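Participant: Turn this into a model:
(one chain, ligands or ions: 1)
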Amino acid sequence: MIQIENLSKRYGQQVVLQLEHLDIPAGERFGLVGNNGAGKTTLFSLLLDLIRADTGEVRSKGEAVAGHDAWKAYTGAFIDDSFLIGHLTPEEYFHFVGELYGMNASDVSAFLAPFAEFFNGEILDSGKYIRNMSKGNKKKVGIAAALLGRPEVLILDEPFANLDPSSQIRLKQLIRNLPAGLTVLISSHDLAHVTEVCERIVLLERGQVVRDIKDAPERALQELEAYFAQ
Ligand SMILES: Nc1ncnc2c1ncn2[C@@H]1O[C@H](COP(=O)(O)OP(=O)(O)OP(=O)(O)O)[C@@H](O)[C@H]1O
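Facilitator: As a prediction, the model looks like this:
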(Lines give C-alpha, C1' and ligand atoms only; values in the text may rest on other atoms or scores of the structure.)
Protein backbone atom coordinates (compact mmCIF):
# COMPACT_ATOMS: atom_id res chain seq x y z
CA MET A 1 0.00 0.00 0.00
CA ILE A 2 2.72 2.45 1.06
CA GLN A 3 6.35 2.25 -0.05
CA ILE A 4 9.14 4.45 1.17
CA GLU A 5 12.37 4.59 -0.84
CA ASN A 6 15.59 6.36 0.08
CA LEU A 7 13.62 9.00 2.02
CA SER A 8 15.54 11.68 3.86
CA LYS A 9 14.76 15.01 5.49
CA ARG A 10 17.27 17.53 6.75
CA TYR A 11 16.84 20.70 8.76
CA GLY A 12 20.02 22.79 8.41
CA GLN A 13 22.92 20.41 8.97
CA GLN A 14 20.82 17.90 10.92
CA VAL A 15 19.49 14.86 9.10
CA VAL A 16 16.26 14.14 11.01
CA LEU A 17 15.01 11.24 8.89
CA GLN A 18 16.83 8.67 6.74
CA LEU A 19 14.90 5.62 5.61
CA GLU A 20 16.28 3.36 2.90
CA HIS A 21 13.24 1.22 2.31
CA LEU A 22 9.99 0.59 4.17
CA ASP A 23 7.01 -1.28 2.80
CA ILE A 24 3.64 -1.06 4.58
CA PRO A 25 1.23 -3.60 3.06
CA ALA A 26 -2.50 -2.98 2.76
CA GLY A 27 -4.36 -3.86 5.94
CA GLU A 28 -1.30 -3.67 8.19
CA ARG A 29 -1.57 -2.12 11.65
CA PHE A 30 1.73 -0.27 11.79
CA GLY A 31 3.00 1.26 15.03
CA LEU A 32 5.77 3.85 15.11
CA VAL A 33 7.70 4.47 18.33
CA GLY A 34 10.80 6.44 19.26
CA ASN A 35 12.05 9.00 21.73
CA ASN A 36 11.32 12.73 21.43
CA GLY A 37 12.79 14.07 18.21
CA ALA A 38 13.27 10.59 16.67
CA GLY A 39 11.44 11.65 13.50
CA LYS A 40 7.95 10.16 13.89
CA THR A 41 5.98 13.32 13.06
CA THR A 42 8.45 14.11 10.28
CA LEU A 43 7.76 10.72 8.70
CA PHE A 44 3.98 11.14 8.97
CA SER A 45 4.25 14.68 7.56
CA LEU A 46 6.13 13.27 4.55
CA LEU A 47 3.49 10.54 4.12
CA LEU A 48 0.89 13.32 3.90
CA ASP A 49 2.94 15.62 1.65
CA LEU A 50 2.94 18.30 4.36
CA ILE A 51 6.71 18.83 4.02
CA ARG A 52 9.19 18.23 1.20
CA ALA A 53 11.72 15.40 1.32
CA ASP A 54 15.37 16.12 0.53
CA THR A 55 15.78 12.76 -1.18
CA GLY A 56 13.58 9.83 -2.09
CA GLU A 57 9.85 9.46 -2.12
CA VAL A 58 6.74 8.01 -0.54
CA ARG A 59 4.42 6.05 -2.84
CA SER A 60 0.85 5.16 -2.04
CA LYS A 61 -0.77 2.51 -4.25
CA GLY A 62 2.27 2.85 -6.49
CA GLU A 63 1.94 6.59 -7.08
CA ALA A 64 4.19 9.25 -5.55
CA VAL A 65 2.37 11.13 -2.79
CA ALA A 66 4.29 14.39 -3.35
CA GLY A 67 2.64 16.47 -6.03
CA HIS A 68 -0.25 14.04 -6.61
CA ASP A 69 -3.81 14.02 -5.30
CA ALA A 70 -5.23 10.49 -5.76
CA TRP A 71 -4.12 9.32 -2.27
CA LYS A 72 -6.07 12.14 -0.59
CA ALA A 73 -9.41 10.53 -1.47
CA TYR A 74 -8.62 7.35 0.50
CA THR A 75 -6.31 8.62 3.26
CA GLY A 76 -7.60 9.92 6.60
CA ALA A 77 -5.25 11.54 9.09
CA PHE A 78 -5.02 13.49 12.27
CA ILE A 79 -1.59 14.89 13.09
CA ASP A 80 -2.36 17.99 15.14
CA ASP A 81 -4.90 20.77 15.75
CA SER A 82 -4.05 22.40 12.41
CA PHE A 83 -6.30 19.71 10.89
CA LEU A 84 -9.29 21.20 12.76
CA ILE A 85 -11.28 24.40 12.19
CA GLY A 86 -11.42 26.22 15.51
CA HIS A 87 -14.36 28.50 14.85
CA LEU A 88 -16.71 25.61 14.05
CA THR A 89 -18.55 23.40 16.51
CA PRO A 90 -17.72 19.68 16.21
CA GLU A 91 -21.05 19.10 14.39
CA GLU A 92 -20.31 21.86 11.89
CA TYR A 93 -16.82 20.46 11.35
CA PHE A 94 -18.02 16.86 10.88
CA HIS A 95 -20.66 18.01 8.38
CA PHE A 96 -18.10 20.12 6.53
CA VAL A 97 -15.69 17.17 6.24
CA GLY A 98 -18.56 14.77 5.49
CA GLU A 99 -19.67 16.95 2.56
CA LEU A 100 -16.22 16.60 1.02
CA TYR A 101 -16.91 12.87 0.88
CA GLY A 102 -20.45 13.29 -0.45
CA MET A 103 -22.13 12.50 2.87
CA ASN A 104 -25.36 14.25 3.85
CA ALA A 105 -26.36 15.20 7.41
CA SER A 106 -28.02 11.87 8.17
CA ASP A 107 -25.02 9.92 6.76
CA VAL A 108 -22.76 11.89 9.12
CA SER A 109 -25.05 11.31 12.13
CA ALA A 110 -25.20 7.58 11.38
CA PHE A 111 -21.42 7.48 11.01
CA LEU A 112 -20.92 9.22 14.37
CA ALA A 113 -23.33 6.99 16.33
CA PRO A 114 -20.69 4.33 17.19
CA PHE A 115 -18.43 7.08 18.59
CA ALA A 116 -20.92 7.92 21.38
CA GLU A 117 -18.98 6.10 24.10
CA PHE A 118 -15.64 7.50 22.92
CA PHE A 119 -17.12 11.02 22.85
CA ASN A 120 -18.39 10.54 26.42
CA GLY A 121 -21.15 13.12 26.00
CA GLU A 122 -18.67 15.98 25.60
CA ILE A 123 -18.33 16.40 21.86
CA LEU A 124 -21.77 16.53 20.23
CA ASP A 125 -24.35 19.11 21.38
CA SER A 126 -21.78 20.71 23.66
CA GLY A 127 -22.42 24.12 22.06
CA LYS A 128 -18.67 24.76 22.15
CA TYR A 129 -16.43 25.85 19.35
CA ILE A 130 -13.60 23.43 18.70
CA ARG A 131 -11.07 26.11 19.68
CA ASN A 132 -12.53 26.16 23.21
CA MET A 133 -12.43 22.41 23.73
CA SER A 134 -9.87 20.56 25.87
CA LYS A 135 -6.83 19.00 24.15
CA GLY A 136 -8.24 15.51 24.61
CA ASN A 137 -11.64 16.43 23.19
CA LYS A 138 -10.02 18.15 20.20
CA LYS A 139 -8.13 14.94 19.60
CA LYS A 140 -11.39 12.96 19.66
CA VAL A 141 -12.87 15.29 17.04
CA GLY A 142 -9.77 14.91 14.86
CA ILE A 143 -9.71 11.11 15.12
CA ALA A 144 -13.41 10.77 14.24
CA ALA A 145 -13.05 13.22 11.34
CA ALA A 146 -10.06 11.26 10.01
CA LEU A 147 -12.34 8.23 9.69
CA LEU A 148 -15.27 10.10 8.15
CA GLY A 149 -14.54 9.35 4.52
CA ARG A 150 -14.18 5.62 5.30
CA PRO A 151 -10.51 5.78 4.30
CA GLU A 152 -8.31 2.89 3.18
CA VAL A 153 -5.33 4.40 5.02
CA LEU A 154 -5.55 5.98 8.47
CA ILE A 155 -2.61 7.95 9.94
CA LEU A 156 -2.78 9.08 13.56
CA ASP A 157 0.07 10.89 15.31
CA GLU A 158 0.07 10.09 19.04
CA PRO A 159 -3.67 9.36 19.26
CA PHE A 160 -3.48 8.26 22.91
CA ALA A 161 -1.74 11.43 24.14
CA ASN A 162 -3.99 13.77 26.16
CA LEU A 163 -6.80 11.22 26.38
CA ASP A 164 -8.03 10.18 29.83
CA PRO A 165 -7.61 6.48 30.73
CA SER A 166 -11.23 5.56 29.85
CA SER A 167 -10.90 7.25 26.48
CA GLN A 168 -7.59 5.49 25.81
CA ILE A 169 -9.26 2.14 26.43
CA ARG A 170 -12.22 3.09 24.22
CA LEU A 171 -9.85 4.24 21.49
CA LYS A 172 -8.09 0.87 21.58
CA GLN A 173 -11.47 -0.85 21.15
CA LEU A 174 -12.33 1.51 18.34
CA ILE A 175 -9.05 0.78 16.54
CA ARG A 176 -9.47 -2.99 17.01
CA ASN A 177 -12.97 -2.75 15.50
CA LEU A 178 -11.86 -0.88 12.38
CA PRO A 179 -12.45 -2.73 9.09
CA ALA A 180 -9.88 -5.51 8.54
CA GLY A 181 -8.56 -4.13 5.23
CA LEU A 182 -7.83 -0.66 6.62
CA THR A 183 -4.12 0.21 6.75
CA VAL A 184 -3.50 1.95 10.08
CA LEU A 185 -0.36 3.89 11.01
CA ILE A 186 -0.10 5.06 14.60
CA SER A 187 2.74 6.75 16.43
CA SER A 188 2.83 6.55 20.19
CA HIS A 189 4.94 6.89 23.31
CA ASP A 190 2.65 4.40 25.03
CA LEU A 191 4.37 1.09 24.35
CA ALA A 192 1.63 -1.03 25.94
CA HIS A 193 -1.17 0.58 23.91
CA VAL A 194 0.66 0.61 20.60
CA THR A 195 1.76 -3.02 20.88
CA GLU A 196 -1.81 -3.99 21.77
CA VAL A 197 -3.34 -2.50 18.64
CA CYS A 198 -0.49 -2.91 16.12
CA GLU A 199 0.89 -6.13 14.66
CA ARG A 200 4.09 -4.44 13.53
CA ILE A 201 6.21 -1.94 15.42
CA VAL A 202 8.97 0.14 13.87
CA LEU A 203 11.33 1.87 16.28
CA LEU A 204 13.01 5.06 15.11
CA GLU A 205 16.18 6.44 16.66
CA ARG A 206 17.58 9.71 15.29
CA GLY A 207 15.60 9.30 12.10
CA GLN A 208 16.66 5.71 11.38
CA VAL A 209 14.89 2.39 11.80
CA VAL A 210 16.62 0.47 14.58
CA ARG A 211 13.96 -2.23 15.13
CA ASP A 212 11.21 -3.64 12.93
CA ILE A 213 9.18 -6.13 14.98
CA LYS A 214 6.41 -8.11 13.31
CA ASP A 215 3.62 -10.45 14.41
CA ALA A 216 4.58 -10.68 18.08
CA PRO A 217 2.86 -8.13 20.33
CA GLU A 218 4.13 -9.65 23.59
CA ARG A 219 7.69 -9.96 22.37
CA ALA A 220 7.43 -6.46 20.91
CA LEU A 221 6.50 -4.95 24.27
CA GLN A 222 9.35 -6.78 26.06
CA GLU A 223 11.85 -5.88 23.39
CA LEU A 224 10.81 -2.22 23.36
CA GLU A 225 10.83 -1.92 27.15
CA ALA A 226 14.31 -3.44 27.24
CA TYR A 227 15.45 -1.05 24.49
CA PHE A 228 14.13 2.09 26.18
CA ALA A 229 15.38 1.02 29.61
CA GLN A 230 18.98 1.09 28.34
N1 LIG B 1 10.45 22.89 11.10
C2 LIG B 1 11.53 22.39 11.69
N3 LIG B 1 12.69 23.08 11.74
C4 LIG B 1 13.79 22.56 12.31
N5 LIG B 1 13.85 21.35 12.91
C6 LIG B 1 12.72 20.62 12.90
C7 LIG B 1 11.51 21.10 12.31
N8 LIG B 1 10.56 20.14 12.46
C9 LIG B 1 11.15 19.13 13.13
N10 LIG B 1 12.44 19.41 13.39
C11 LIG B 1 13.41 18.55 14.08
O12 LIG B 1 13.32 17.26 13.49
C13 LIG B 1 13.58 16.28 14.49
C14 LIG B 1 12.45 15.24 14.43
O15 LIG B 1 11.26 15.86 14.92
P16 LIG B 1 9.88 15.09 14.98
O17 LIG B 1 8.85 16.08 15.40
O18 LIG B 1 9.67 14.35 13.72
O19 LIG B 1 10.15 14.03 16.14
P20 LIG B 1 9.11 13.08 16.91
O21 LIG B 1 9.69 11.70 16.88
O22 LIG B 1 7.75 13.26 16.34
O23 LIG B 1 9.22 13.69 18.37
P24 LIG B 1 8.16 13.75 19.59
O25 LIG B 1 8.07 12.36 20.15
O26 LIG B 1 8.82 14.69 20.55
O27 LIG B 1 6.84 14.27 19.05
C28 LIG B 1 13.71 17.00 15.82
O29 LIG B 1 15.08 17.18 16.08
C30 LIG B 1 13.05 18.33 15.54
O31 LIG B 1 13.60 19.35 16.34
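
Participant: list the buried ones in stretch 100-115?
Facilitator: Under the neighbour-count criterion of 16 or more other Cβ atoms under 10 Å, stretch 100-115 has 103, 108, 111-112, 115 buried. Every residue, glycine included, has its C-beta placed from N, CA and C.

Participant: Asp157: which of these is nearest?
Facilitator: Nearest to Asp157 among the buried residues of stretch 100-115: Phe115, at 19.3 Å, using Cβ to Cβ.

Participant: quick one: least confident helix or strand in this protein?
Facilitator: Every helix and strand of the chain was ranked by mean pLDDT, DSSP states H and E. The lowest is helix 217-229, at a mean of 88.

Participant: from memory Ser2 sits against Leu47, does it?
Facilitator: Heads up, residue 2 is Ile, not Ser. Yes - using Cβ atoms under 8 Å, Ile2 is in contact with Leu47, at 6.9 Å.

Participant: where does the protein come near the ligand, residue by residue?
Facilitator: 11, 16, 34, 36-42 (Cβ under 6 Å from any ligand atom).

Participant: what's the spacing between the residue at minimal distance from the centre of the chain and Leu84?
Facilitator: Nearest residue to the geometric centre of the chain (Cα atoms, centre = their mean): Leu156, 1.2 Å. Counting by Cβ to Cβ, to the nearest Å, the separation of Leu156 from Leu84 is 14 Å.

Participant: Then Leu224?
Facilitator: 31 Å.

Participant: Can you get me a residue count around Pro90?
Facilitator: Using other Cβ atoms under 10 Å, Pro90 is surrounded by 25 other residues.

Participant: isn't it right up against Ile130?
Facilitator: Yes - the pair Pro90 / Ile130 is scored as a contact, 6.2 Å apart, by Cβ under 8 Å.

Participant: Please, where are all the helices along the protein?
Facilitator: 40-47, 90-100, 105-112, 116-119, 135-147, 165-176, 191-197, 217-229 (DSSP state H).

Participant: Tell me which of the ones you listed sits nearest to Gln208.
Facilitator: For Gln208, the closest of these is helix 40-47, at 11.1 Å, according to Cβ to Cβ.
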